[in-house]
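*Asks:* Just need the structure, nothing else, for what follows:
(4 chains)
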Protein chains: 2
Amino acid sequence: MATLNPHVSVDCVIFGFDSNKLKVLLIEREKIANNELSGHKLKLPGNLILDNEELDDSAYRTLKELTGLDNIFLKQFEVFGSPNRLSPIEDLIWLKTSSNIAVDRVVTIAYYSLIKLQDSNLTDKTIWHPVDNVPELVFDHNTIVKKALEALQREIRTEPLCFELLPKKFTIRQMQNLYEAILGENLDNRNFRKKIMPLKFLIPLEEKERGVSHKPAQLYKFDRKLYARHRKEISGFNL
Amino acid sequence: MATLNPHVSVDCVIFGFDSNKLKVLLIEREKIANNELSGHKLKLPGNLILDNEELDDSAYRTLKELTGLDNIFLKQFEVFGSPNRLSPIEDLIWLKTSSNIAVDRVVTIAYYSLIKLQDSNLTDKTIWHPVDNVPELVFDHNTIVKKALEALQREIRTEPLCFELLPKKFTIRQMQNLYEAILGENLDNRNFRKKIMPLKFLIPLEEKERGVSHKPAQLYKFDRKLYARHRKEISGFNL
DNA sequence: AAAACTTAGCGTATTTTTTACGCTAAGTTT
DNA sequence: AAACTTAGCGTAAAAAATACGCTAAGTTTT
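*Replies:* Have a look, this model is predicted:
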């Protein structure tokens, strides 16, 4: 049985999109017996690594435990390792008690992850929270969220990461809304269409959306194999 | 006296520019008594962190010990932490012997650093090696160098990092040569000048270069204070 | 003194990309 | 029929990128 490595952990900033807002997944802190304070704060999902485990696998394990999902998009974006990061003191007491491990200093490798919000199987203790007003979290988790969002905003301009957040079948309008939500900019639909239509991995389905009081929009899917084949071509993709 | 933390290290990919080629600083591995092999491989500078030390400070310490320089540009770019990264086996034996610490698994935070090559005070055991044909290094250090270069190539397009590599007084031609060396592209001098001249932190000096068989070029300096003030304006800087 | 070669700056043309928005037509629900 | 969206096309204007001709200046070398 692999043992936990108490010196190194992974934290995951999990983003999801609900057709309107970009959200981040937060967890309520477990209650410790006889301590009323410990249930009131939110934190990011995270785990200590196992001794013989790849770093990415630690993050995948964290995601699987929480969402039930495999094969999720994950990207390492920064390390947080200040000697003083495990504060305030009541947060540290909670950490020592809940993990049952003597913790001196933990260096955390931060990942951001993108999931289809509707696919996730969540427990009672998790909430999807809009990224534009994240409450106070434990430790340095607020900083971690902020930097994850900055990384996503930077990287989504040149890599087609949007497909990790969109449903398996999506409309162009949904796609546009996602970009607008992440970048905080308005895009012109006519120009947006002209820009994305040449992407060879954006595949129109035979289906159209239903139950809408306007002309039903065409549904599309992302073809991962075509994306791998045409990957070189998107060096010009730029939103 | 602070103690070494045997679980976490920093490695530094130190870039310098010699007016013609971009180089990376490598170290010859210390010899272990009775082991002829151990002197033949090169490695990146690195250190285990101290227990009460900020991660960045560990990297700064590494740089200071090696180059004698303070206030060097440093950027964290990735974590390397595979359980199997400390191989081949003779490299691991060397590591255990030379650091005198029982080493199980080390997670390394990788930084790239940019220094003015002519400023550094180097020891006998270091060499500046061109980045375009890096020899075989220990552990996963070849991967680390490759990814550091990719990060630099990406980031130098939008941040004026070139000033960290150029001498304190430099010509426009030197600046152009640097961009060409890093990006592997040819730039047109007339267009390059038109692009950089509006930068408010690029300050012409009263001096011109000397001892050249052509019209002496104007010397410039980078003004860090003006850069801080006009930082917002360079969002359009793009090479 | 001339040659050689670079620095410096300007202009212009062309191409490409970005931004903006008018217009027509289609297709659902209310 | 109204309302509202989807879809696509075109065009104009602005901005940015690319390419390169030209003139003049200023050193060292021959």
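*Asks:* neighbours around the closest residue to A:Phe222 other than its chain neighbours, how many?
*Replies:* The spatially closest residue to A:Phe222, leaving aside those adjacent along the chain, is A:Phe163, at 3.7 Å (CB to CB, 6 or more residues apart in numbering or on different chains). Bear in mind the C-beta positions are built from the backbone N, C-alpha and C, glycine included. Look at A:Phe163: counted by other CB atoms under 10 Å in any protein chain shown, it has 23 neighbours.
*Asks:* buried ones in the lengthiest helix in chain A?
*Replies:* In chain A, with assignment by DSSP state H, the single longest helix is helix A:141-155. Burial within helix A:141-155, assessed by neighbour count using 16 or more other CB atoms under 10 Å in any protein chain shown, is assigned to A:His141, A:Ile144, A:Val145, A:Lys147, A:Ala148, A:Leu149, A:Ala151, A:Leu152.
*Asks:* Chain A: helices as residue ranges?
*Replies:* Per DSSP H, chain A carries helices over the ranges A:55-67, A:89-99, A:141-155, A:162-165, A:172-183, A:189-196, A:224-229.
*Asks:* Would you mind checking the average pLDDT for the second one?
*Replies:* The one in question is helix A:89-99. Per-region confidence: helix A:89-99 scores 64 on mean pLDDT.
*Asks:* about what we covered before: does the longest helix of chain A come close to chain B?
*Replies:* No - judged by CB under 8 Å from any CB of the partner chain, helix A:141-155 stays clear of chain B, getting no closer than 9.6 Å.
*Asks:* any idea of the angle that helix forms with helix A:172-183?
*Replies:* Orientation check (axes from the mean of the first three to the mean of the last three CA atoms, to 10 degrees): helix A:141-155 against helix A:172-183 gives 130 degrees.
*Asks:* which strands and helices sit next to helix A:141-155?
*Replies:* strand A:4-17, strand A:73-80, strand A:107-114, helix A:172-183 (3 or more CB pairs under 8 Å, 6 or more residues apart in numbering or on different chains; DSSP states H and E).
*Asks:* Could you measure from A:Asp56 over to chain B?
*Replies:* 9 Å (CB to the nearest CB, to the nearest Å).
*Asks:* Who are the contact partners of the nearest residue to that residue once chain neighbours are set aside?
*Replies:* Using CB to CB, 6+ apart and skipping the chain neighbours, the partner closest in space to A:Asp56 is A:Leu74 (6.4 Å). With contact set as CB atoms under 8 Å, 6 or more residues apart in numbering or on different chains, A:Leu74 has these partners: A:Cys12, A:Asp56, A:Ala59, A:Tyr60, A:Leu63, A:Tyr111, A:Tyr112, A:Ser113.
*Asks:* Mind listing the residues bridging to A:Leu74?
*Replies:* Residues in a beta bridge with A:Leu74, per DSSP bridges, are A:Ser113.
*Asks:* Domain map for chain A?
*Replies:* Segmentation of chain A into domains, based on automatic domain parsing, reads A:4-155, A:165-236.
*Asks:* Lowest mean pLDDT across the ones you listed, which one is that?
*Replies:* Of all these, mean pLDDT reaches its minimum on domain A:4-155 (a mean of 86).
*Asks:* Is the residue most central in space within chain A bridged to anything, and to what?
*Replies:* In chain A, the centroid-proximal residue (CA atoms, centre = their mean) is A:Ile14; its distance is 2.3 Å. A:Ile14 forms beta bridges with A:Ser113, as assigned by DSSP bridges.
*Asks:* Return the distance of it relative to A:Leu117.
*Replies:* Applying CB to CB, to the nearest Å, the value for A:Ile14 to A:Leu117 is 10 Å.
*Asks:* anything in contact with each of the two?
*Replies:* By CB under 8 Å, 6+ apart, no residue touches both A:Ile14 and A:Leu117.
*Asks:* Number of residues surrounding the closest residue to chain B within chain A?
*Replies:* Residue nearest to chain B within chain A: A:His7 (4.0 Å; CB to the nearest CB). Using other CB under 10 Å, A:His7 has 19 other residues around it.
*Asks:* which residues does it contact?
*Replies:* A:His7 is in contact with A:Asp104, A:Arg105, A:Val106, A:Val107, B:Asn5, B:His7, B:Val8, B:Val107, counting by CB under 8 Å, 6+ apart.
*Asks:* Test my guess that the last one contacts B:Pro83.
*Replies:* Read it as B:Val107. No - between B:Val107 and B:Pro83 there is no contact under CB atoms under 8 Å: 9.9 Å.
*Asks:* Who has more neighbours out of the two?
*Replies:* Each of B:Val107 and B:Pro83 has its neighbours counted (other CB under 10 Å); B:Val107 has more, 22 against 17.
*Asks:* so what's that one up against?
*Replies:* So B:Val107 contacts A:His7, A:Val8, A:Leu55, A:Val107, A:Ile109, B:His7, B:Val8, B:Ser9, B:Val79, B:Phe80, B:Gly81 (CB under 8 Å, 6+ apart).
*Asks:* Please report how far it lies from A:Lys146.
*Replies:* Distance from B:Val107 to A:Lys146, by CB to CB: 23 Å.
*Asks:* Could you count how many residues lie near the residue nearest to A:Thr3 when sequence neighbours are not counted?
*Replies:* Once flanking residues are discounted, A:Thr3 sits nearest to A:Asp51: 5.2 Å by CB to CB, 6+ apart. Neighbours of A:Asp51 under the rule other CB under 10 Å: 13.
*Asks:* Torsion angles phi and psi at A:Asp51?
*Replies:* Dihedral pair for A:Asp51: phi -60, psi -30, per degrees, to the nearest 10.
*Asks:* surely it meets A:Ser58?
*Replies:* No - taking contacts as CB under 8 Å, A:Asp51 lies outside contact range of A:Ser58: 10.6 Å.
*Asks:* Just the CA trace of stretch A:4-22, in PDB.
*Replies:* Extracted in PDB, the C-alpha atoms of stretch A:4-22 (Å, rounded to 0.1, in the frame of the first residue of the first chain):
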ATOM      1  CA  LEU A   4       1.400   9.500   1.500                       C
ATOM      2  CA  ASN A   5       4.200  11.900   1.000                       C
ATOM      3  CA  PRO A   6       3.600  14.600   3.600                       C
ATOM      4  CA  HIS A   7       5.900  17.100   1.900                       C
ATOM      5  CA  VAL A   8       4.200  17.600  -1.500                       C
ATOM      6  CA  SER A   9       0.600  18.000  -2.400                       C
ATOM      7  CA  VAL A  10      -1.500  18.900  -5.500                       C
ATOM      8  CA  ASP A  11      -4.400  21.300  -5.500                       C
ATOM      9  CA  CYS A  12      -6.800  21.400  -8.400                       C
ATOM     10  CA  VAL A  13      -8.700  24.500  -9.600                       C
ATOM     11  CA  ILE A  14     -11.600  22.900 -11.400                       C
ATOM     12  CA  PHE A  15     -13.400  25.100 -13.900                       C
ATOM     13  CA  GLY A  16     -16.800  24.400 -15.300                       C
ATOM     14  CA  PHE A  17     -19.200  26.400 -17.500                       C
ATOM     15  CA  ASP A  18     -23.000  26.500 -17.000                       C
ATOM     16  CA  SER A  19     -23.900  28.200 -20.300                       C
ATOM     17  CA  ASN A  20     -23.700  31.600 -18.700                       C
ATOM     18  CA  LYS A  21     -21.000  31.800 -16.100                       C
ATOM     19  CA  LEU A  22     -17.600  30.300 -15.600                       C
END
